[in-house]
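Enquirer: Mind folding the following:
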Amino acid sequence: MQTIIINIKQLLQVRETSIKKVSGSEMAHLPILENAFLVLENDLISDFGLMANCPNLEKATVIDATGKIVMPSFCDSHTHIVYAGNRSGEFVDRINGLSYEEIANRGGGILNSAKKLNETSEEEIYNQSKKRLEEVISQGTGAVEIKSGYGLTVEGELKMLRVIKKLKENYPIAIKATFLGAHAFPTEYKENHQAYIDLIINEMLPKIAAEHLADYIDAFLETGYFSVSETIQIMEAGKKYGLKPKIHVNQFTAINGIKACVENGALSVDHLEIVTDEDIAILKNSDCMPVALPSCSYFISIPYTPSRQMLNAGLPLALASDFNPGTTPSGNMHFVVATACIKMKMTPEEAINAATINGAYAMDLSESHGSITKGKKANLIITKPLHSYYEIPYCFATNLIDSVWLNGEIFNR
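Expert: Numbering: from 1, shown residues only. This next block holds a predicted model:
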């Protein structure tokens, strides 16, 4: 089955050869074709070029994109969209002046979500989560990572990961699963951290591996949560089961966690609202992708990742949504891109690179997603008519999407 999209005003993120990521000053360059065509064959991109060279494909379905922009779908490498209920009450608590830490100390935060999840059936969690997945796809996401971490019990974590597996089986979007049993210490383990870590290592991980439920392992490496040494235990245990680390780090404090993550081969380090010169030096000499989550900073009023400092030092940067019930109840990557431009002073080119090709890298999907490249998945956003792709971050609250394509077909749910 062939589809040809013609008269594309601007075709974004065009890469003749597949690349893994872009870094530093390279991120300011977004390769574009003006007045272009794009050919999809079955589920893959098969050709593209200028309209002056457009082939005559008699049997192809023709889509006229006059005035419209076409770009690869967003690659959202950090989400928690499998959960039960919501935490809207905590939203009001923050308005009334309570901090993230104060809410957590009152039994809110992650432990609140864990209580709800363990009281909810797997079927109901799936039904709630699939609505969120359909929502993010309709907003332009074509690849997504989803974490566990709201179970904090053997059965709760397995339940979450089985829901992620079912979503992966039932939807055409690329999904990567991350085991985040080390999200917080349950109340009964507050005074005995090692006992909970032993539960993760000796009971959760073997069962997860036996059912092939996860691709990565994560921990909340932060003051008051998992220490550097505790996180190292988690990473080392996960690697024995083939789970590469993707770690929450430097959200509120810098405690030399990034060094430990890099030394343990982490694919990504995520949050980075606080970054030191030493952290930047360590990341610069690594294959680890820094991931910023600007809509989390927006929602709970914490600092934004210092993108200019990091890019000026030559680092790559990915953008992700952090979609979760407590600190970012949105997976809208359009808003993430816009917020990165508005609040982090990233250029539109940098932000789109960060949300596509670099996001793909942070999920080990660079070979198949994140750019307009022959042989890659035909996962696309076709916008409504626009003057320029600058309007993507500029019109931060407007739905600019005309259609979303997954595997060469329009997504309709």
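Enquirer: Show the end-to-end separation of stretch 56-73, please.
Expert: End-to-end distance for stretch 56-73: 26 Å, by CA to CA, to the nearest Å.
Enquirer: err, stretch 93-112, not the other one
Expert: End-to-end distance for stretch 93-112: 14 Å, by CA to CA.
Enquirer: what does it rub up against?
Expert: Stretch 93-112 is touched from outside by 87, 89-90, 149-150, 152, 183-184, 186-187, 220, 224, 252, 300-302, 326-327, with contacts defined as CB atoms under 8 Å, 6 or more residues apart in numbering. Yep, even glycine has a C-beta here, placed from its N, CA and C like the rest.
Enquirer: Need the mean per-residue confidence for it.
Expert: For stretch 93-112, the mean pLDDT works out to 84.
Enquirer: Then stretch 219-232?
Expert: 97.
Enquirer: Please read off the pLDDT at Ser88 from the model.
Expert: Ser88 is assigned a predicted lDDT (pLDDT) of 88.
Enquirer: and what of Gly24?
Expert: Gly24 carries a pLDDT value of 98.
Enquirer: Which stretches in the stretch 1-150 of the chain count as strands?
Expert: 2-12, 32-41, 44-50, 61-64, 69-72, 74-76, 141-147 (DSSP state E, counting those that start in this stretch).
Enquirer: Deepest in the core, which of the ones you listed is it.
Expert: Burial of the strands of the stretch 1-150 of the chain is given as mean neighbour count (mean count of other CB atoms under 10 Å); strand 74-76 ranks first at a mean of 32.
Enquirer: just to revisit the earlier point, TSV for the strands of the stretch 1-150 of the chain, including mean pLDDT and distance to Ile410?
Expert: Output for the strands of the stretch 1-150 of the chain, formatted as TSV (pLDDT from 0 to 100; distance: least, CB to CB, whole Å):
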stretch	mean pLDDT	distance to Ile410
strand 2-12	97	10
strand 32-41	98	11
strand 44-50	98	15
strand 61-64	96	9
strand 69-72	98	13
strand 74-76	98	17
strand 141-147	98	12
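Enquirer: Leaving out chain neighbours, which residue sits closest to Thr223?
Expert: Distances taken as CB to CB, 6 or more residues apart in numbering put Thr253 closest to Thr223, at 4.5 Å, once the chain neighbours are dropped.
Enquirer: right, I mislabeled it, should have said Thr120
Expert: Ala84 (3.9 Å).
Enquirer: Could I have the CA atoms of the helix or strand of the chain at the bottom of the mean pLDDT ranking written out in PDB?
Expert: Scoring the helices and strands of the chain by mean pLDDT, DSSP states H and E places helix 100-105 at the bottom, with a mean of 82. Below are the C-alpha coordinates for helix 100-105, written out as PDB (Å, rounded to 0.1, in the frame of the first residue of the first chain):
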ATOM      1  CA  TYR A 100       6.000  18.600  47.100                       C
ATOM      2  CA  GLU A 101       7.800  17.400  50.300                       C
ATOM      3  CA  GLU A 102       5.100  18.500  52.600                       C
ATOM      4  CA  ILE A 103       2.400  16.800  50.600                       C
ATOM      5  CA  ALA A 104       4.500  13.600  50.600                       C
ATOM      6  CA  ASN A 105       5.000  13.800  54.300                       C
END
